[in-house]
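*Asks:* The following comprises the amino acid sequence and a computationally predicted model.
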Amino acid sequence: MKISIVGTGYVGLCTGVGLAVKGHNVTCVDIDKEKVEKINTGKSPIYEPGLGENLARVLKEGRFRATGDIKGAITNSDVTFISVGTPSREDGSIDLKYIKQASRNIGNVLREKQGWHVVVVKSTVIPGTTEGVVKKNLEEASGKKAGKDFGLCMNPEFLREGKALEGFLNPDRVVIGELDKKSGDPVAGLYEGFRAPVMRTGIKTAEMIKYASNALLATKISFINEIGNICKKLGIDTYDVAKGMGMDKRISPQFLQSGLGWGGSCFLKDVAAIVAKGKELGCMAGLLESVIKVNEEQPGVLLKLAEGKAGSVQGKTIAVLGLAFKPDSDDIRESRSIPLIKALRKKGANIVVYDPKAMENMKVFFPDIEYAGSAKEAVGKAEIVLIATGWEEFKDPELYGNKIVIDGRNIFKDGKKLDNYEGLCW
Ligand code: NAD
């Protein structure tokens, strides 16, 4: 099938490369010219395991390209995915400016295009958006009617960064929210080669499945962090508690790793957006508000542990190991290292940081802290080491000598054997 994708970020690029790997013909569109050029030279603008190699392969095989020309891309395809960003507004509610713009741009092209074309929203959008905002903008710009002249679907994406391409290609399930069967059929056809159950449902339900899934995953982490803070005071290792809990099939061991908390581009904005929508509808979302609050407090808990062990951090050199919000990613959006660095700066510490992939991204936020060339160099300069991301290369106990280490990610199985080691929730 011929596919166009509007918005070539983490989701758009992984979807595009993934569908090209599956044999489809894909054109990715983006307004960022630099990104388009980079992709067309075979270089991925983001770090994701396997993405670079597969991008180079599908480009070479002629099944994938990037462009700034939305007209050409849509005219020469049968299905268009929208995967632009859906950031938060100041009050936590969803900002739909990119969605509106992309829908209007697609509608303008559909005005001239002949034949059945299906528009699929892949961005995470609050329930009601696809059949409200997207449909309205598409219909106004095209002068055509959804369901009669073109199809409309909502197909949420559940990939996780650090395993994004693998996650796209091997999902646990595929959810297709469809306006009608004629809209959903070609989208279901795209996933035929995937070994995953396909759930076809209404559009609003598909939108909500994504929010409810992210809200529950964030809740599990904040839950185990709250339990973990109590365990720490009681001298209990939360990982043993989580192991015992996770053996229960109703609970599962997934997302029960306590520590510094969750980050990334999605959890905070999605949980905040559903809280804001609930409030707008007169529904309290106190549980989800607490999920955010617990997460915001974890960096402060780690810092308190450091101060308990080493006294005031003022004037001391502190190494922060790990800037990406998770290992195997260069994404720093909502990374827990950001509030940690801010708090350290406020307390007058000298900060030296290291991350194998995310340092260039972090320099934009904190140009004035020290960036070390290796973990060893950062540790060597510091009096206290704070582990903020569980990168594989930080798991070497030899790295730390007799430095004070506060581990926010439980990276050592036998960390407690290190002198001066302190875990966050264990
Ligand atoms: P991103 O910010 O990495 O990428 C968005 C891209 O859209 C950018 O490259 C931007 O230049 C482009 N863009 C904006 N307006 C455009 C327009 N009018 N035409 C063409 N391109 C345009 O975002 P992302 O992380 O890929 O997320 C996209 C959506 O997918 C969001 O709704 C997000 O919540 C959702 N999502 C993200 C993840 C994730 O792990 N990142 C996972 C699942 C779902």
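*Replies:* Cool, the structure landed. Numbers count the residues shown, from 1 in each chain.
*Asks:* use CA for all of it now, contacts and neighbours both
*Replies:* Will do.
*Asks:* Tell me, how many residues neighbour the closest residue to residue 199 other than its chain neighbours?
*Replies:* Distance criterion CA to CA, 6 or more residues apart in numbering; nearest residue to residue 199, sequence neighbours excluded, is residue 175 at 4.8 Å. Residue 175 has 23 neighbouring residues, counting by other CA atoms under 10 Å.
*Asks:* now do residue 98
*Replies:* Counted with other CA under 10 Å, residue 98 comes out at 16.
*Asks:* which SSE is it in?
*Replies:* Using DSSP states H and E, the element containing residue 98 is helix 97-112.
*Asks:* What's the first helix or strand after that helix?
*Replies:* strand 118-121.
*Asks:* Are that next one and the ligand in contact anywhere?
*Replies:* No - using CA under 6 Å from any ligand atom, strand 118-121 never reaches the ligand; the gap is at least 9.1 Å.
*Asks:* please renumber so the chain begins at 558
*Replies:* Sure thing, new numbering starts at 558, so read that last one as strand 675-678.
*Asks:* Flag every buried residue along that strand.
*Replies:* 675, 676, 677, 678 (16 or more other CA atoms under 10 Å).
*Asks:* May I have the residues that are in contact with residue 895?
*Replies:* Shown in contact with residue 895 (CA atoms under 8 Å, 6 or more residues apart in numbering): residue 880.
*Asks:* List the buried residues in the helix or strand hosting it.
*Replies:* If you go by DSSP H and E, residue 895 is part of helix 894-903. Neighbour-count burial for helix 894-903, counted by 16+ other CA under 10 Å, picks out 894, 895, 896, 897, 898, 901.
*Asks:* and if you look at stretch 855-868?
*Replies:* For stretch 855-868, by 16+ other CA under 10 Å, it's 855, 856, 857, 858, 859, 860, 862, 863, 866.
*Asks:* The first one belongs to a strand, doesn't it?
*Replies:* No - if the criterion is DSSP: H, G, I helix; E, B strand; the rest coil, then residue 855 is helix and not within a strand.
*Asks:* My read is that it contacts residue 818, right?
*Replies:* Yes - the criterion here is CA atoms under 8 Å, and residue 855 meets it with residue 818 at 6.2 Å.
*Asks:* Between the two, which contacts overlap?
*Replies:* residue 782.
*Asks:* end to end, how far does stretch 876-884 reach?
*Replies:* 17 Å (CA to CA, to the nearest Å).
*Asks:* for stretch 898-908, that is, sorry about that
*Replies:* Stretch 898-908 has an end-to-end distance of 8 Å (criterion: CA to CA).
*Asks:* now stretch 566-573: how far from the chain's centre is it?
*Replies:* In this view, stretch 566-573 has its centroid 12 Å away from the chain centroid, taken as CA atoms, centre = their mean, to the nearest Å.
*Asks:* And for stretch 789-807?
*Replies:* Using CA atoms, centre = their mean, the offset of stretch 789-807 from its chain centre is 26 Å.
*Asks:* So which bits of that stretch are buried?
*Replies:* By neighbour count on 16+ other CA under 10 Å, the buried set for stretch 789-807 is 795, 796, 798, 799, 803.
*Asks:* And for stretch 755-771?
*Replies:* Buried residues in stretch 755-771, counted by 16+ other CA under 10 Å: 757, 758, 759, 760, 761, 762, 763, 764, 765, 767, 768, 771.
*Asks:* Over to stretch 669-682?
*Replies:* Buried residues in stretch 669-682, counted by 16+ other CA under 10 Å: 674, 675, 676, 677, 678, 679, 680, 681, 682.
*Asks:* thought the fourth one was touching residue 714?
*Replies:* No - with contacts defined as CA under 8 Å, residue 677 does not count as touching residue 714, sitting 11.4 Å away.
*Asks:* for the residue of the chain most remote from its centre, phi and psi?
*Replies:* Going by CA atoms, centre = their mean, the residue of the chain most distant from its centre is residue 671, 36.3 Å out. Here is the backbone geometry of residue 671 (degrees, to the nearest 10): phi -90, psi 150.
*Asks:* Now residue 636, what are its backbone angles?
*Replies:* phi -130, psi 140.
*Asks:* The ligand versus that one, what's the distance?
*Replies:* Per CA to the nearest ligand atom, to the nearest Å, residue 636 is found 15 Å from the ligand.
*Asks:* go on, residue 675?
*Replies:* Distance, residue 675 to the ligand, by CA to the nearest ligand atom: 17 Å.
*Asks:* which residues touch that residue?
*Replies:* Taking CA under 8 Å, 6+ apart as the definition, contacts of residue 675 comprise 635, 636, 637, 707, 708, 709, 710, 740, 743.
*Asks:* Make sure the third one is actually in contact with residue 564.
*Replies:* No - with contact taken as CA under 8 Å, residue 637 and residue 564 are classed as non-touching, separated by 10.6 Å.
*Asks:* just the residues of the stretch 808-957 of the chain that are near the ligand, which are they?
*Replies:* Within the stretch 808-957 of the chain, the positions adjacent to the ligand are 822, 823 by CA under 6 Å from any ligand atom.
*Asks:* all helices of the stretch 808-957 of the chain, in order?
*Replies:* 824-837, 843-867, 894-903, 916-922, 932-938 (DSSP state H, counting those that start in this stretch).
*Asks:* any idea how far residue 830 is from the nearest residue to residue 897 once chain neighbours are set aside?
*Replies:* With sequence-adjacent residues excluded and distances taken as CA to CA, 6+ apart, residue 897 is closest to residue 856, at 5.5 Å. With distances taken as CA to CA, residue 856 is found 23 Å from residue 830.
*Asks:* Residue 796 too?
*Replies:* Taking CA to CA as the measure, residue 796 falls 31 Å from residue 830.
*Asks:* Kindly report the residues of the stretch 658-807 of the chain close to the ligand.
*Replies:* Residues of the stretch 658-807 of the chain lying near the ligand (CA under 6 Å from any ligand atom): 658, 659, 680, 681, 714, 715, 716, 717, 718.
*Asks:* Done for today, thanks.
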